[in-house]
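> Structural data only, the sequence is not supplied:
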């Protein structure tokens, strides 16, 4: 029995054809091919995730920039509203002044 075991181990070490045939019979070749496919798939998914993370980062940067613009527009709108209110008040006063001047004549 020991001689058979020694012979099998020797063949596995030295005879590549024998080693490949044993691997095929044990299903190791199929498992190895499947593992390689899984590794390739995981690598592709990892790359896709990295690409998506970069896109999300860019979207957040753009979102932040848009909110900054909205804040600036809001400030400008408030400034314009105050200016219009002041002009309206001035026109009202001017209208009263002109109206009273016309009444005296």
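Structure received. Owing to the predicted nature of the structure, the values given are computational and were not obtained by experimental measurement.
> Dihedrals phi and psi, the residue positioned nearest the centre of the chain?
Geometric centre of the chain, nearest residue: residue 56, 2.2 Å, by Cα atoms, centre = their mean. With angles defined as degrees, to the nearest 10, residue 56 sits at phi -60, psi -40.
> Could you number the chain from 24 rather than 1 from now on?
With the count now opening at 24, the last piece we talked about shows up as residue 79.
> Could you tell me how far it is located from residue 86?
Between residue 79 and residue 86 the distance is 10 Å, computed by Cβ to Cβ, to the nearest Å. All C-beta atoms are positioned from the backbone trio N, CA, C, and that covers glycine.
> Give me the phi and psi for residue 50.
The phi/psi pair for residue 50 (degrees, to the nearest 10) reads phi 80, psi 10.
> any idea of the pLDDT on it?
We have a pLDDT of 83 for residue 50.
> Remind me which helix or strand residue 81 belongs to.
In this structure, residue 81 sits in helix 51-127 according to DSSP states H and E.
> Give me the neighbour count for residue 118.
10 (other Cβ atoms under 10 Å).
> Over to residue 44?
Neighbour tally, residue 44, other Cβ under 10 Å: 13.
> Show residues contacting the strand or helix carrying it.
Assigned by DSSP H and E, residue 44 belongs to helix 39-49. Residues outside helix 39-49 that contact it (Cβ atoms under 8 Å, 6 or more residues apart in numbering) are 34-36, 52, 55.
> Grab the two from the residues you listed that are most spread out in space.
Largest separation among the contacts of helix 39-49 by Cβ to Cβ: 34 and 55, giving 19.8 Å.
> Of those two, give the one with the bigger neighbour count.
residue 34 (15 against 11).
> how far away is the closest residue to that one other than its chain neighbours from residue 24?
With sequence-adjacent residues excluded and distances taken as Cβ to Cβ, 6 or more residues apart in numbering, residue 34 is closest to residue 41, at 4.6 Å. Distance from residue 41 to residue 24, counting by Cβ to Cβ: 19 Å.
> ok, these two, which is more surrounded?
The neighbour count for residue 41 versus residue 24, taken as other Cβ under 10 Å, is higher for residue 41 (14 against 5).
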